[in-house]
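Q: pasted the sequence and its predicted model underneath.
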Amino acid sequence: MTLTEELAMKVRNVPDFPTPGIQFKDITPILADAALLKRTLNILAAPFAGQRVTKVIGIEARGFILGAMLAEYLGVGFVPMRKEGKLPAATIREPYQLEYGKAAIEVHRDALTPEDRVLVHDDVLATGGTASAACRLVRSMGAEVVACAFLLELDFLNGRNHLTDVPVHTILHF
Ligand code: AMP
């Protein structure tokens, strides 16, 4: 079995969570398996080893987990991007469209500089609204988005269409 086949089998599909009709992709069984976690990190991080990344952004909340591990692997700092009102110091905010209504993500104002080359990470790429807002936020601070890295992509939602201006690296496709 290939690593991607093994990983695909480990993702737990939870029907109707958090709302009816959603097939939630739960990555916690991968996180709980020490050997698989290590191999997952290697395959997720390897393409960026030579790309002079200076910061990894993790998107709240599940993007924090592998995001911080990616940062450690690449030998760079980790920056959390959070839902509105969660970060304690001065922030910059970027609104984005949800299926119904609006949301916003925030990052600390002093977390990035124009010299930064940023890898944006979340566990799942769904509609792409969150990740594209994250990229806009990084760029609004003058920094460069090197790529977006996801463990899993829901192909039928075409999230990539919101990320046409940046390389997108995904391990698993559903
Ligand atoms: P997006 O629609 O791409 O903006 O995704 C919004 C957020 O919800 C991201 O953090 C995704 O990781 C998460 N998400 C969306 N759909 C799913 C799903 N079916 N299973 C797990 N996480 C999801």
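A: Happy to help now that I have it.

Q: any residues of the chain in contact with the ligand? List them.
A: Contacts of the chain with the ligand, taken as CB under 6 Å from any ligand atom, map to 22-25, 59, 122-131, 154, 159. (C-beta placed from N, C-alpha, C; glycine too.)

Q: so which of the residues you listed are in strands?
A: Of the residues of the chain next to the ligand, the ones assigned to strands by DSSP state E are 23-25, 59, 122-125.

Q: only the buried subset of these, as a ChimeraX command please.
A: This is how ChimeraX selects the buried members of those, with burial counted by 16 or more other CB atoms under 10 Å:
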select :25,59,122,123,124,125
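
Q: show me which pair in the ones in strands among the residues of the chain next to the ligand is furthest apart.
A: Gln23 and Ile59 (20.0 Å; CB to CB).

Q: let me know the closest of the ones in strands among the residues of the chain next to the ligand to Val138.
A: Using CB to CB, these come closest to Val138 at Ile59, 11.3 Å.

Q: what sits opposite that closest one in the beta ladder?
A: Met81 (DSSP bridges).

Q: residue contacts, Phe24?
A: Contacts for Phe24 were tallied using CB atoms under 8 Å, 6 or more residues apart in numbering; they are 13-15, 17-18.

Q: these two touch, right, Leu172 and Leu152?
A: Yes: counting by CB atoms under 8 Å, Leu172 touches Leu152, with 4.5 Å between them.

Q: give me the common contacts of the two.
A: Overlap between the contact sets of Leu172 and Leu152, as judged by CB under 8 Å, 6+ apart, is given by Val11.

Q: how about stretch 17-35: buried residues?
A: Within stretch 17-35, judged by 16+ other CB under 10 Å, the buried ones are 25-27, 30-31.

Q: contacting residues for the residue positioned nearest the centre of the chain?
A: Residue closest to the average C-alpha location in the chain (CA atoms, centre = their mean): Asp122, at 1.6 Å. Applying CB under 8 Å, 6+ apart, we find Asp122 in contact with 58-59, 62-63, 67, 130-131, 134, 148, 150.
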